[in-house]
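Chemist: Quick one, fold the following:
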Amino acid sequence: MVSSLQSLVSGSMPDEQQCISEILEAGVEKPQVLFWQYDRAAVIMGCSQRPDEDQMRRSEAAGFAMIRRRSGGGAVLAGPWMLSVTVFIPPDHPVAKQNIIEIFSWLEQIWIAALRACNVPCKGVDQAMIDRSKTISQEQDLKWACYASLSHGEVVSEDGRKLVGLAQIRKRKGVALVSGLHLSPCDWQQLSSIVVDKPEQGGALEALNSDAQSLSGISAEELLPDLIQAFTDRIPDDFCQATR
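Modeler: Sure thing, here's the model as predicted:
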């Protein structure tokens, strides 16, 4: 197994997306894990969201790139405060043959165990929590934001605030399970200002989310290598570090 920060890649969101695409296009022959921390901030729109001119202008004025990703349904403000973990699975692997709820539940248990090992209190979600989150997202007009609601396999704080978001990319030559953990707080007001021109919605998003630093009382810098090691220790032994 690869240990600590030796396995961490630091780079931009477009570079990460390119890396994921190249691995899937080449074919996933063995299970792999890619740990990525963004070296700069960017607004990431969901695969179903097409940035308009006003959004692009506001993002540029704030000094952020704006791109669309290949998975996930809502907008994210990505940056150094996030750890992105992509698990690549060969198409013939037993895990890849599971349905979306089963495969996300498999990853959820790994995340929960890793976070708790690093003194980050957390739990999984159930159907009632998912349904309630979608109602709140609808009522508060937050459906545009990825972290405004919950889905199967995601991880939350003990009081139900989102901590880890998940997405899936399925291709003929492999599966990629993409997860994003907030290591430290995100500027939700900035995200709301750029995407919907409503900075006041940032407060609502902040109330729905949490981060590992705030929950543990440990700095993000100190948590990062421990979280990578804890995740690596809990992934099945046939998984290895992804190569770029």
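Chemist: Next, the contact list for the residue most central in space within the chain, please.
Modeler: Closest to where the C-alpha atoms of the chain average out (C-alpha atoms, centre = their mean) is residue 180, at 1.6 Å. Shown in contact with residue 180 (C-beta atoms under 8 Å, 6 or more residues apart in numbering): 76, 78, 82, 83, 84, 85, 164, 165. C-betas here are computed from N, CA, C, even on glycine.
Chemist: same thing with residue 98?
Modeler: Taking C-beta under 8 Å, 6+ apart, one finds residue 106 in contact with residue 98.
Chemist: Next one: it, what pLDDT does it get?
Modeler: Looking at residue 98, its pLDDT reads 95.
Chemist: separation between it and residue 179?
Modeler: 16 Å (C-beta to C-beta, to the nearest Å).
Chemist: Kindly report the same for residue 33.
Modeler: From residue 33 to residue 179 the distance is 10 Å (C-beta to C-beta).
Chemist: which residues do the two both contact?
Modeler: What both residue 33 and residue 179 touch, as defined by C-beta under 8 Å, 6+ apart, is the set 85, 86, 87.
Chemist: Nearest residue to residue 176 in space, ignoring adjacent ones along the chain?
Modeler: Nearest in space to residue 176, with sequence neighbours left out and distances taken as C-beta to C-beta, 6 or more residues apart in numbering, is residue 169 at 4.3 Å.
Chemist: can you check residue 28 too?
Modeler: With sequence-adjacent residues excluded and distances taken as C-beta to C-beta, 6+ apart, residue 28 is closest to residue 174, at 3.0 Å.
Chemist: Fine by me, thanks again.
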